[in-house]
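[1] Output the structure for:
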Amino acid sequence: MSAGTQLEPEMLKRQAETLQSIFETLPLGVMVADVEGKLLFFNPAAEQILGAGGSGLNTPDQTTVYGWYLSDQITLVSPEGFPLFRAGRGEQVSDELFFVRHPNCPAGLWISMSGCPLRDGSGPVYGGVVFFQDVTQRRQEVQAITLLSRVVEQTADSVMLTDKQGTIEYVNPAFVTTSGYPLAEVLGQTPRILKSGLHDAGFYRQLWSRLMGGQTFRGMIINRKKSGELYWAQQTITPVRDQGGELTHFVSVLQDITELRKQEEHDFQLRLAREVQQQFYGSAPAVAGFDIGGSSYPAYETGGDYFDFIAMPNGRLGIALGDVEGHGFGSALVMALTRAYLRSFANLDLEPEQILVQVNRMLAQDLEHGHFVTLALACLDTSQRSLIYAGAGHMPGFVLSGSGVVEHVLESNGPPLGLFSDSLYSCQNEILLEPGQILVLLTDGITESVADGGEEFGVQGALEYIAAHCDEPARQIADGLHLQARRFAGYEPQNDDITSVVLKVGPNP
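    You can find the predicted model right below:
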């Protein structure tokens, strides 16, 4: 026997030991089986991944024993479909994904497996080998990144990613929608395309100084769309660092708050208007021999109802109650305009009907076509204890006896103010007031309060309430009318302003 022949078995043994040593130290799981499926080799990495040694795999039905499933996590892998057996039958397997549960990992893990047949040179297949690894964490990271990508793509806020120099590398669909810039016109540009020109150079220097220092910027910026339209953005710009802590990118999230700003400004104007309007509803004047009260409850932040007590020449007191067509801020402005005109003409020693003529002429010039004001105007002669009345398209007022019986109906004798510039008005006959009588002026927000069944509170409901509470102070009656009308309506949302004025005649001095 030659020396070469004596060394060959020894060399083969050393090669086999070296190969086994390599397989045992590989971070990949390795399994080898013969063509019958008998497991020949199972390295430590495979044992660590699968949580068991190789002895349990000697059963032909090893996939069921170890809970191997297809990627749907429901369908068990059949023995014939297991990659190790397929490789032993000559099949090449590449990166197939399986879900595995075992006692040491009841929650399950994801395994990527590849395999190939073992051949003796060009001879027949004598077995198969598979290599696999636990890709659970990598799969979770990919899923997290995919989910994050979907969130960014579908969020309503604009998202923009730039490199360290400020070159735009990514924008989401919301950015395209908000800014009006197509994606192709944005990539490779800088955020300067959004500059509105309303922030000075110092603003941007401070912003970039903060960002380059690794600090996040939060604030409001006025940007400009491609169309030239300005919009307010609540913007957060965050520096992004790599694993080494090096600043690499900036991510910017912009929320278009233009409509919110407009609404806030609108709400502020309404609050301001309400504060101004409430100043118009001052305390009723103290007049000897009379108890006077008024109240107004707008349906919205501001209202179109109006009441006023105006000192007129010769010791007379004007008592006005009006209702502007519509609701809200615009109606409040018309109400303020009406009040100003009424007070101006009331100081000219005019009679009520003459005052209405002058106010109507002015409003007809100021108001848009179809807008109008109904107004009830009474003039109280405090020394003679008498009353004259003129109305412009307003619902009737009433003079009641001390027990609540209607003694005089105060009808309007002309159209609403602001419709026709040449409208004329006239006064009713003078009414001599008696102790105990009650003057009541209302707006239709009281009478048209509707119950669930569609029934209106009506004039009769208001008069019955007054008759039942005629012993109360005037202001208390006025407030009570509002409360009773709301109670009648079942406290449903109020849809019209509710206003009333009550004057009670006291004993003769």
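[2] So which bits of whichever strand or helix holds residue 208 are buried?
    If you go by DSSP states H and E, residue 208 is part of helix 201-212. By 16 or more other C-beta atoms under 10 Å, the buried positions in helix 201-212 come out as 207, 210, 211. Using the backbone N, CA and C atoms, a C-beta is placed for each residue, glycine as well.
[3] Surely the last one touches residue 237?
    Spelled out, that is residue 211. Yes. Here residue 211 reaches residue 237: they are 6.0 Å apart, a contact under C-beta atoms under 8 Å.
[4] And stretch 367-387, what's buried?
    367, 371-381, 385, 387.
[5] What segments of the protein are helices?
    3-25, 44-50, 62-65, 83-88, 136-154, 173-179, 183-186, 201-212, 258-280, 328-346, 352-366, 444-447, 458-468, 474-488 (DSSP state H).
[6] Any chance of CSV for those, columns distance to residue 290?
    Converted to CSV, those look like this (distance: least, C-beta to C-beta, whole Å):
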stretch, distance to residue 290
helix 3-25, 108
helix 44-50, 98
helix 62-65, 100
helix 83-88, 103
helix 136-154, 68
helix 173-179, 62
helix 183-186, 73
helix 201-212, 63
helix 258-280, 21
helix 328-346, 18
helix 352-366, 18
helix 444-447, 22
helix 458-468, 16
helix 474-488, 9
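[7] Please name whichever of those helices is nearest to residue 403.
    Taking C-beta to C-beta, helix 458-468 is the member of these nearest to residue 403, at 6.8 Å.
[8] Quick check, pLDDT for residue 455.
    Per-residue pLDDT puts residue 455 at 94.
[9] Can you tell me how far it is from residue 488?
    8 Å (C-beta to C-beta, to the nearest Å).
[10] quick one: which of the two has more around it?
    The residue with more neighbours, out of residue 455 and residue 488, is residue 488; 18 against 12, by other C-beta atoms under 10 Å.
[11] Domain map for the chain?
    According to automatic domain parsing, the chain comprises the domains 13-140, 155-256, 266-505.
[12] Of those domains, flag the one that's most buried.
    domain 266-505 (a mean of 19; mean count of other C-beta atoms under 10 Å).
[13] Give the intersection of the neighbour lists for residue 211 and residue 237.
    Here residue 211 and residue 237 have 217, 250 as joint contacts, going by C-beta atoms under 8 Å, 6 or more residues apart in numbering.
[14] Next, the residues that contact the helix holding residue 208 from outside, please.
    216, 217, 237, 239, 247, 250.
[15] Quick one: residues contacting the fourth one.
    Taking C-beta under 8 Å, 6+ apart as the criterion, residue 239 is in contact with 211, 214, 215, 216, 247, 249, 250.
[16] what separates it from residue 109, distance-wise?
    36 Å.
[17] who touches residue 411 in this structure?
    391, 396, 428.
[18] contacting residues around the strand of greatest length in the chain?
    Assignment by DSSP state E gives strand 105-119 as the longest strand of the chain. With contact meaning C-beta under 8 Å, 6+ apart, strand 105-119 is reached by 29, 32, 49, 51, 67, 73, 83-84, 86-101, 125-136, 139.
[19] Swap in 7 Å and give it another go.
    Contacts of strand 105-119 with the rest of the structure, by C-beta atoms under 7 Å, 6 or more residues apart in numbering, involve 49, 51, 83-84, 86-88, 90, 92-101, 125-136, 139.
[20] Same check on stretch 147-155?
    With C-beta under 7 Å, 6+ apart, stretch 147-155 has contacts from 159, 172, 173, 174.
[21] Tell me which two in those residues are the farthest apart.
    Taking C-beta to C-beta, no two of those sit farther apart than 159 and 173, at 9.4 Å.
[22] Run through the residues that contact residue 426.
    Residue 426 touches 353, 390, 413, counting by C-beta under 7 Å, 6+ apart.
[23] which residue packs closest to the second one, ignoring adjacent ones?
    On the basis of C-beta to C-beta, 6 or more residues apart in numbering, the spatially nearest residue to residue 390 that is not a chain neighbour turns out to be residue 352, at 3.9 Å.
[24] In this structure that neighbour contacts residue 414, no?
    No. Using C-beta atoms under 7 Å, residue 352 is not in contact with residue 414, being 10.9 Å away.
[25] Against residue 50, how distant is residue 107?
    Residue 107 is 14 Å from residue 50, by C-beta to C-beta.
[26] One more: residue 86?
    18 Å.
[27] same question, residue 342
    Plainly put, residue 342 is 93 Å away from residue 50 if you go by C-beta to C-beta.
[28] next one: residue 353
    103 Å.
[29] and the closest residue to residue 470 other than its chain neighbours, how far is that from residue 460?
    Excluding its sequence neighbours, the residue lying closest to residue 470 (C-beta to C-beta, 6+ apart) is residue 404, at 5.3 Å. Applying C-beta to C-beta, the value for residue 404 to residue 460 is 12 Å.
[30] And for residue 144?
    Following C-beta to C-beta, the distance that separates residue 144 from residue 460 is 70 Å.
[31] same deal with residue 361?
    36 Å.
[32] can you check residue 165 too?
    Noted for residue 165: a distance of 79 Å to residue 460, by C-beta to C-beta.
[33] Equivalent analysis for residue 106, please.
    In terms of C-beta to C-beta, residue 106 sits 78 Å off from residue 460.
[34] And residue 441, by the same measure?
    17 Å.
[35] Bridged to residue 217, which residues?
    Assessed by DSSP bridges, residue 217 has beta-bridge partners residue 237.
[36] Isn't it up against residue 234?
    No. If you go by C-beta under 7 Å, residue 217 and residue 234 don't touch, sitting 11.5 Å apart.
[37] Skipping adjacent residues, who's closest to residue 157 in space?
    Per C-beta to C-beta, 6+ apart, closest to residue 157 is residue 255, 4.8 Å.
[38] what sits against the one you found?
    By C-beta under 7 Å, 6+ apart, the contact set of residue 255 is 157, 233, 234.
[39] Of those residues, which belong to strands?
    233, 234.
[40] just curious, which of the contacts of residue 255 is nearest to residue 288?
    Using C-beta to C-beta, the contacts of residue 255 come closest to residue 288 at residue 234, 60.1 Å.
[41] show me what contacts that closest one?
    By C-beta under 7 Å, 6+ apart, the neighbours of residue 234 are 220, 255, 257.
[42] mind checking how far residue 436 is from residue 470?
    The gap separating residue 436 from residue 470 is 8 Å, by C-beta to C-beta.
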